[in-house]
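**Q** what shape does this take:
(one chain, ligands or ions: 3)
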Amino acid sequence: MNAAEMVPPAVEGVVVTGRIGPRYTEILTADALAFVAGLHRRFDARRLERLAARAARQARFDAGERPDFLPETAAIRAGDWRVAPAPADLTDRRVEITGPVDRKMIVNALNSGANVFMGDFEDATCPTWANLIDGQLNLKDRWAGAIDFVDARNGKTYALKANPAVLIIRPRGWHLPESHVTVDGATLSGALFDFGLYAFHCAKAALAAGSGPYFYLPKMESHLEARLWNDVFAHAEATLGLPAASIRCTVLIETLPAAFEMDEILYELRERITGLNCGRWDYIFSFIKTLRAHRDCLLPDRAKVVMGKAFLGNYAELLVRTCHRRGAFAMGGMAAQIPIKNDPERNAAALAKVKADKEREAREGHDGTWVAHPDLVGVAKAVFDDKMPAPNQLGFLPADRVIGRDDLLAIHEGSRSEAGLRENIRVGVQYVEAWLGGRGAVPIYNLMEDAATAEISRTQIWQWLHFGATLEDGRTVDEALFRTCLGEEMERVRGEIGAEAYDAGRFPQAIALFEQLILSDRLEAFLTLPAYRLVA
Ligand SMILES: CC(=O)SCCNC(=O)CCNC(=O)[C@H](O)C(C)(C)COP(=O)(O)OP(=O)(O)OC[C@H]1O[C@@H](n2cnc3c(N)ncnc32)[C@H](O)[C@@H]1OP(=O)(O)O
Ligand SMILES: O=CC(=O)O
Ligand SMILES: [Mg+2]
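**A** Ligands and ions are numbered 1, 2, ... in the order given. I've put the predicted structure just below:
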C-alpha cells in the first residue's frame, strides 16, 4: 500500500479517525463517505429524537405503566391492507444461516445450502473498526465475484459454489455510535454507517445479479423508528439511482415495546418489508429491561425461559398471525445449541433440541427459521421440508385467539437457583471478555452466545440483585452473594480454559465491566455501549 492509500479522501465535514488498513480506501471512497455524511445530515436528528423517545417511554414504565397497544394507531391494526409481495429470491426462506461478516464465515455460510445468509454487523459482530471495514470489503468482494481465498493459516481453499444463499445484511441498531467517523463534529450512527456503506458499494451489483439490497433491521422499539428506516431507504434509492422500493427488509421483533406495534411496523415499511422475525434472545433481554421496575416480572433461571410458553409463546403466535394477515413472512429464530465435537452422544442430544425447536416453529406457522452453524442447515431443512411442502405457509392463520396485553406480559414459571446465577456470571463474563477481544459470537459451554444472549445473563443478575430475589434454597441474591459467586466462578473458568489462556485474555477488564453493570443502581441500556468505549 503506498502512502496516498493510507489516507482517507478529504470530504467536507467528514473526519475519519480509524486506522486505514490494506484496501480500506476501496470502501472509504470520497463518494461513499459523502453519501454516508448525507444520511447523517438528513436523518441523525430524527434518530436522536427516537432514542430520546425510547428513554421517555422507559421512564413511564419505570414509574409503573405497562406496555400496551397504542390507541392512536388502532385504525392501522383494524385496517385491511397488505405488504408488497416479496422478491422472487425471497419467497422460500425456510432456512436462514446467520454469522459475522468475516471472510471465511461468509463463504461457508453462502455455500451452506441455506436459502439465506444473514451477514451480521450486529449481535454476532464486535464492531471494531477492522471488523467493520474488513466486513464491508468482504461483502463488496462477494458481489464482485472475488471472495474466494486461501486461508494463510492452514492452506485451506475457500471458493463460492453455484447457487449461493441469498444475502441479507444486518446493520447495527439505532443506539450504537460509530466512533471512528464524525460528520460536522458529531459522531456518526453505527446503523447509518453499516447500511450506507453496504448500500453504496453493493446495492447495484446485488440488483444486477438478480437479487437486491436486502436488510434485517434489529432492536427497533416503535413504528416511528421503522418510519425512519423507510425514509432512509427511500432517500438512498433516490440518491444512488436505485429503482424505487428496491431496498427490501425484514424486521426483528425483538423488543417488548415493538411486539405491541407489529402491524404498525409492517405498515410503515409496507412497500419494502418482506417479513418479521422472532428475535427471541433480545426479546427476553428487552422484557427484563423494559419491566425492570416491576417486581412481579422477576424471571426464573434463564434455562426456564423457553419458547412455546408464557410471553414467548404468545408473542410468536401473535407474530405469525399478524404477518400472515398482511402477506408477510413470519420467520422463526435461533436455537442456542451448536454441534458438539468429539462427543457423539451429547452432539445427538444438541441436534435433537434444535430439531424440536424447528418442529415447534413449523407447527406454529413460521415460514422459515434461523440456524447458527452450517451443520444445522440440514436439520432445519429436513423439518421444514417435511412440514412445509410449499415454499412458505403465508396462507396459514393460527386459531383466532385474541392475544392481549396480559398474554404478552405472561411470566414464565419456575424457580431461581444459585446454579442459574453462577451460570449467568460465567457466561456473561466470558462473553464480555471475548467481545473486548473483538469476537461477537462465541461458543460457550456448547451454546452459541452473542450480544443478545449475553444481555440476558447480565440483566437477569441485575434484576435478581435489584429485587433481592429469593433462590430455591431460600437464600437472597445480594451484593455479597454476587461477589462471592463472581470470585469463585472466575476461578472455575480459569481452571476450565487453562491459566495460560486466562492470563493472556482480558479477564480483569471484563470482570470490572460486568461487576460495574451488575452493581449499578441504574440498568445500563446496552452492555455494548460501555464495552464499545473499551474497544473503539
Ligand atoms: C441472537 C442472535 O442474534 S442469533 C444471530 C447472531 N449470531 C450468530 O450469527 C452466531 C453464528 N454462529 C457462529 O458465529 C459460530 O457458529 C459459533 C461462533 C457459535 C461457533 O463457531 P466455531 O467455534 O468456529 O464453530 P466450528 O468450529 O464448529 O466451525 C466449523 C466450521 O463451520 C464454520 N461456521 C461455524 N458457524 C458458521 C456460521 N454461522 N456461518 C458460516 N460458517 C460457520 C466455521 O467457520 C468452521 O469453518 P472451517 O471448517 O472452514 O474452518
Ligand atoms: O437477533 C436475534 C435475537 O434473538 O436477538
Ligand atoms: Mg437480536
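**Q** buried sites along stretch 408-426?
**A** By neighbour count, and taking 16 or more other Cβ atoms under 10 Å as the criterion, the buried residues in stretch 408-426 are 408-412, 414, 416-417, 420-426. Heads up, the C-betas are built off the backbone N, CA and C, glycines and all.
**Q** what is the end-to-end distance of that stretch?
**A** As for stretch 408-426, its first-to-last residue distance stands at 30 Å under the measure Cα to Cα, to the nearest Å.
**Q** show the average pLDDT along it.
**A** When pLDDT is averaged along stretch 408-426, the result is 97.
**Q** which of the buried residues of stretch 408-426 fall within helices?
**A** Within the buried residues of stretch 408-426, membership in helices is found for 408, 420-426, as judged by DSSP state H.
**Q** ligand 2 next: which of those are close?
**A** When these are filtered against ligand 2 using Cβ under 6 Å from any ligand atom, no residues are retained.
**Q** residue 377: which of the buried residues of stretch 408-426 is nearest?
**A** Checking the buried residues of stretch 408-426 against residue 377 with Cβ to Cβ, the nearest one is residue 423 at 28.4 Å.
**Q** which residue is the nearest non-sequential neighbour of that closest one?
**A** On the basis of Cβ to Cβ, 6 or more residues apart in numbering, the spatially nearest residue to residue 423 that is not a chain neighbour turns out to be residue 302, at 7.3 Å.
**Q** per-residue pLDDT, the one you found?
**A** At residue 302, the pLDDT value in this model is 92.
**Q** which residues touch the residue of the stretch 251-400 of the chain found nearest ligand 3?
**A** Closest approach between the stretch 251-400 of the chain and ligand 3, counting by Cβ to the ion: residue 282, at 3.5 Å. Residues touching residue 282, when contacts are defined by Cβ atoms under 8 Å, 6 or more residues apart in numbering, comprise 123, 218-219, 252, 254-255, 452, 455.
**Q** ok, so what distance separates it from ligand 1?
**A** Taken as Cβ to the nearest ligand atom, to the nearest Å, the spacing of residue 282 relative to ligand 1 amounts to 6 Å.
**Q** the stretch 51-200 of the chain against ligand 2: which residues are in contact?
**A** Applying the criterion Cβ under 6 Å from any ligand atom, the portion of the stretch 51-200 of the chain that neighbours ligand 2 consists of residue 123.
**Q** and the strands in the stretch 51-200 of the chain?
**A** With DSSP state E, counting those that start in this stretch, the ranges of strands along the stretch 51-200 of the chain come out as 95-100, 116-120, 149-150, 157-158, 166-170, 177-183, 186-189.
**Q** make a markdown table from these and add distance to residue 326, mean neighbour count and mean pLDDT to it.
**A** Shown next, in a markdown table, are the strands of the stretch 51-200 of the chain (distance: least, Cβ to Cβ, whole Å; neighbours: other Cβ atoms under 10 Å; pLDDT from 0 to 100):
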| stretch | distance to residue 326 | mean neighbour count | mean pLDDT |
| --- | --- | --- | --- |
| strand 95-100 | 20 | 26 | 98 |
| strand 116-120 | 20 | 26 | 98 |
| strand 149-150 | 42 | 13 | 97 |
| strand 157-158 | 39 | 12 | 98 |
| strand 166-170 | 20 | 24 | 99 |
| strand 177-183 | 33 | 21 | 98 |
| strand 186-189 | 29 | 20 | 98 |
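**Q** quick one: closest of these to ligand 1.
**A** With Cβ to the nearest ligand atom, the closest approach to ligand 1 among those belongs to strand 95-100: 3.1 Å.
**Q** and ligand 3, is that closest one touching that?
**A** No: for strand 95-100, no contact with ligand 3 is found by Cβ under 5 Å from the ion; the gap never falls below 9.7 Å.
**Q** between strand 166-170 and that strand, find me the angle.
**A** Between the axis of strand 95-100 and that of strand 166-170 there is an angle of 50 degrees, by axes from the mean of the first three to the mean of the last three Cα atoms, to 10 degrees.
**Q** what about residue 143, how many residues nearby?
**A** Residue 143 is flanked by 20 other residues according to other Cβ atoms under 10 Å.
**Q** contact partners of stretch 126-140?
**A** For stretch 126-140, with Cβ under 8 Å, 6+ apart as the criterion, the contacting residues are 18-19, 21, 23-24, 26-28, 100-103, 106, 119, 121, 125, 147, 167, 169, 172, 176, 178, 180, 190, 193-194, 197-198, 201-202, 435-440, 528, 532, 535-536.
**Q** hang on, I meant stretch 526-536
**A** Applying Cβ under 8 Å, 6+ apart, the contact partners of stretch 526-536 are 126-129, 175-177, 179-180, 432, 435-436, 438, 451, 454-455, 458, 509, 513, 516-517, 524.
**Q** equivalent analysis for stretch 70-90, please.
**A** 69, 116, 166, 210-212, 214, 223, 245, 248, 260-261, 263-264, 266-267, 269-275, 326-329.
**Q** what do you get if the cut-off is 6 Å, keeping everything else the same?
**A** With Cβ atoms under 6 Å, 6 or more residues apart in numbering as the test, stretch 70-90 has contacts from 166, 211-212, 263-264, 266-267, 270-271, 273-274, 326-328.
**Q** which of those residues fall within helices?
**A** 263-264, 266-267.
**Q** would you reformat those as JSON lines and include neighbour count and distance to residue 50?
**A** Shown next, in JSON lines, are those (neighbours: other Cβ atoms under 10 Å; distance: Cβ to Cβ, whole Å):
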{"residue": "263", "neighbour count": "23", "distance to residue 50": "19"}
{"residue": "264", "neighbour count": "21", "distance to residue 50": "14"}
{"residue": "266", "neighbour count": "25", "distance to residue 50": "18"}
{"residue": "267", "neighbour count": "20", "distance to residue 50": "17"}
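**Q** could I get those as TSV with distance to ligand 2 and pLDDT?
**A** Listed next are these as TSV, based on distance: Cβ to the nearest ligand atom, whole Å; pLDDT from 0 to 100:
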residue	distance to ligand 2	pLDDT
263	21	98
264	20	99
266	18	99
267	22	99
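**Q** which members of the residues you listed are the farthest-apart pair?
**A** Between all members of these, the farthest pair (by Cβ to Cβ) comes out as 264 and 266, at 7.3 Å.
**Q** ligand 1 contacts on this protein?
**A** 97-100, 104-105, 108-109, 120, 123-124, 281, 334, 338-339, 372-374, 441-443, 448, 450, 452-453.
**Q** which of these are buried?
**A** Burial by neighbour count, 16+ other Cβ under 10 Å: within these this picks out 97-100, 105, 108-109, 120, 123-124, 281, 334, 338-339, 372-374, 441-442, 448, 450, 452-453.
**Q** and residue 299, what helix or strand is that in?
**A** Element membership for residue 299 (DSSP states H and E) is empty, with no helix or strand holding it.
**Q** actually residue 361, not the one I typed
**A** Using DSSP H and E, residue 361 sits in helix 344-364.
**Q** that helix near ligand 2 anywhere?
**A** No: when contact is scored as Cβ under 6 Å from any ligand atom, no part of helix 344-364 falls within range of ligand 2; the minimum is 12.3 Å.
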